[in-house]
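J.: no sequence on this one, just coordinates:
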């Protein structure tokens, strides 16, 4: 009897697998076609589901579904209604478009685009200070935390349990001891690069901390989407820090870390700090249900510098494609030069074409990439698109070690984009990011000096080198590029 059951199951299992395969593939096809906007992603996921039985559908279930878009959008609306009611999130300092056009001719259209896309006005009166590497950023951030009187909010992707992380832990504990309200938000995947996680350590130390979008299988989700990649620190609702630096020892170069990482961060003073705080408050409310409001968190701020700035939140919810549209818009208004620094360069076809068209129009396009990134698969996938860029007139510069994690985009020595976003699909479509677009020639000049210094030590990449790669290497890179919808 038992042998007969086993034999029957053995006979039927191919049918079960076939039903699971077809059901899963059909489900992926319907869901991807109805819900996803980008054709390459649709083709990629549908192809994977049909060509890799069962496993393809499982991969889509784990990695391809945006499970938080609707809930995040609803939470966004609720928190926006609170934040906009606070004095610190007023529209004080909004610059008139006629004034902007007189000050920066040719950029009024880009300003209009930015306001329509983000629903945020361009605010005048900011001071933006570039901070190179953790050597400049960490002391400045820690000093502000130690000087805090009312509140500290910190959002970061990675918060390592190392000497850099413990320095921030000590400063946050000291702030709590002085009666300062502290909130810390760490992405659940980014928190797990070290053990024990700083979520556990901070919680044990009495610091209010939350994980963004906890995952049940963290190792599987290490390279997943829907991560909070933002880096925002706001102190007393008045002083902000944002950029690309995570809280980890690798950025503190003077202390000779085992895995050094170059990067840029920025101190921001002025009215747009309230928007940075609002971005944190939305993520905090989504993660904990607590709504932050009032002058403790949103302090009224006055103009203090020459930079006009706008916050640009981006993510797979109501803010989807904000940054992509603004980057394409900036490339379209460029007349002289566009300079790009990014650790990962894997844009979609729309953005790639916009870069090429800018170069064909006579715009000097410089793209600074790491000679070797910390993710070999990204290096392989990036390479096949570079020959066409060079043919169209773009100049590619490969920075030497240590790995350069900086993110910069400067147009015509006037407009600059700073923040957490990389030029790849994960940053531009799948993760939550925060950036500032800034109008100021002096700031743009300082950033171009930083870019010039990177180019001076970088190696130019030419067509001959790319075309001279061995056939197996070119085949490997071409196959890796097919994974771009998942990267």
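T.: Alright, I've got the coordinates. Fair warning: this is a prediction, and the values are worked out from it, not measured in the lab. Residues are numbered from 1 along each chain as shown.

J.: wait, residue 306 touches residue 445, no?
T.: No: Residue 306 lies out of contact with residue 445 (Cβ atoms under 8 Å); the separation is 12.0 Å. Heads up, the C-betas are built off the backbone N, CA and C, glycines and all.

J.: have a look at these two and say which one is more surrounded.
T.: Neighbour count, other Cβ atoms under 10 Å: between residue 306 and residue 445, residue 306 has more, with 16 against 13.

J.: how near is the more buried one to residue 126?
T.: Separation of residue 306 from residue 126 (Cβ to Cβ, to the nearest Å): 8 Å.

J.: go on, residue 93?
T.: 8 Å.

J.: pull up the overlap in contacts between these two.
T.: Taking Cβ atoms under 8 Å, 6 or more residues apart in numbering as the criterion, residue 93 and residue 126 both touch 270-271, 303.

J.: using TSV, lay out these together with pLDDT, neighbour count and distance to residue 184.
T.: TSV is the format used below for the shared contacts of residue 93 and residue 126 (pLDDT from 0 to 100; neighbours: other Cβ atoms under 10 Å; distance: Cβ to Cβ, whole Å):
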residue	pLDDT	neighbour count	distance to residue 184
270	96	25	24
271	96	24	24
303	85	17	30
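
J.: reformat the residues you listed as TSV; add distance to residue 480.
T.: Output for the shared contacts of residue 93 and residue 126, formatted as TSV (distance: Cβ to Cβ, whole Å):
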residue	distance to residue 480
270	42
271	44
303	48
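
J.: check which helix or strand residue 210 maps to.
T.: According to DSSP states H and E, residue 210 maps onto strand 209-212.

J.: residue 141 contacts residue 234, correct?
T.: No: contact criterion Cβ under 8 Å: residue 141 and residue 234 do not qualify, at 10.9 Å.

J.: lowest confidence element among the helices and strands of the chain?
T.: helix 69-83 (a mean of 48; mean pLDDT, DSSP states H and E).

J.: any stretches of the chain with poor pLDDT?
T.: 1-13, 37-38, 62-92, 216-225, 484-487 (pLDDT under 70).

J.: domains of the protein?
T.: Split into domains by automatic domain parsing, the chain comes to 2-64, 69-309, 322-481.

J.: which stretch among the ones you listed comes nearest residue 315?
T.: domain 322-481 (3.7 Å; Cβ to Cβ).

J.: re the thing from before, what residues does the strand holding residue 210 touch?
T.: 183-188, 191, 198-199, 202-203, 227-228, 283-284, 286-288, 432.

J.: go again using 10 Å as the cut-off
T.: 68, 154-157, 159, 172, 182-192, 197-203, 226-230, 283-284, 286-290, 432 (Cβ atoms under 10 Å, 6 or more residues apart in numbering).

J.: what subset of those residues is buried?
T.: Among the contacts of strand 209-212, those buried by neighbour count (16 or more other Cβ atoms under 10 Å) are 68, 154-157, 159, 172, 182-192, 197-199, 201-202, 226-230, 283-284, 286-288, 432.

J.: okay, and which of the residues you listed map to strands?
T.: Counted as lying in strands by DSSP state E, out of those, are 154-156, 182-187.

J.: which SS state does the most centrally placed residue in the chain fall under?
T.: With distances taken as Cα atoms, centre = their mean, the chain has residue 421 as the residue nearest its mean C-alpha position (3.2 Å). Classification of residue 421 using DSSP: H, G, I helix; E, B strand; the rest coil returns coil.

J.: cool, and the one 5 residues further on?
T.: Here residue 426 is recorded as helix under three-state DSSP.

J.: next one: residue 406
T.: Going by three-state DSSP: residue 406 is coil.

J.: look up the closest residue to it, ignoring the ones flanking it.
T.: residue 264 (4.5 Å; Cβ to Cβ, 6 or more residues apart in numbering).

J.: where do the helices of the stretch 351-487 of the chain begin and end?
T.: Ranges of helices in the stretch 351-487 of the chain, per DSSP state H, counting those that start in this stretch, are 376-382, 386-391, 425, 441-457, 463-467, 471-481.

J.: now distance to residue 46 too, for these, in a markdown table please.
T.: Shown next, in a markdown table, are the helices of the stretch 351-487 of the chain (distance: least, Cβ to Cβ, whole Å):
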| stretch | distance to residue 46 |
| --- | --- |
| helix 376-382 | 20 |
| helix 386-391 | 26 |
| helix 425 | 17 |
| helix 441-457 | 40 |
| helix 463-467 | 31 |
| helix 471-481 | 18 |
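
J.: so which of those helices is the most surrounded?
T.: Comparing these by mean neighbour count (mean count of other Cβ atoms under 10 Å), helix 425 ranks first with a mean of 22.

J.: how far off centre is that one?
T.: How far helix 425 lies from its chain's middle: 10 Å, per Cα atoms, centre = their mean, to the nearest Å.

J.: quote the end-to-end distance of stretch 145-159.
T.: 16 Å (Cα to Cα, to the nearest Å).

J.: switch the domains of the chain over to a markdown table; also include distance to residue 315.
T.: Below are those laid out as a markdown table (distance: least, Cβ to Cβ, whole Å):
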| stretch | distance to residue 315 |
| --- | --- |
| domain 2-64 | 14 |
| domain 69-309 | 7 |
| domain 322-481 | 4 |
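
J.: got the buried residues for stretch 94-113?
T.: Within stretch 94-113, the residues scored as buried using 16+ other Cβ under 10 Å are 94-95, 97, 100, 103-104, 107-108, 110-111, 113.

J.: residue 340 is in contact with the residue nearest to the centre of the chain, correct?
T.: No: look at residue 421 against residue 340 with Cβ atoms under 10 Å: they stay out of range, at 11.5 Å.

J.: residue 376 and residue 400, how far apart?
T.: Distance from residue 376 to residue 400, by Cβ to Cβ: 17 Å.

J.: likewise for residue 388?
T.: For residue 388 relative to residue 400 (Cβ to Cβ), the value is 25 Å.

J.: got it, and residue 165?
T.: In terms of Cβ to Cβ, residue 165 sits 27 Å off from residue 400.

J.: these two: who's more crowded?
T.: Set side by side, residue 165 and residue 400 show more neighbours around residue 165, with 22 against 13, by other Cβ under 10 Å.

J.: test my guess that that one contacts residue 194.
T.: Yes: counting by Cβ under 10 Å, residue 165 touches residue 194, with 7.5 Å between them.

J.: shared neighbours, the two?
T.: Joint contacts of residue 165 and residue 194 (Cβ under 10 Å, 6+ apart) are 158-159, 201, 248-249.
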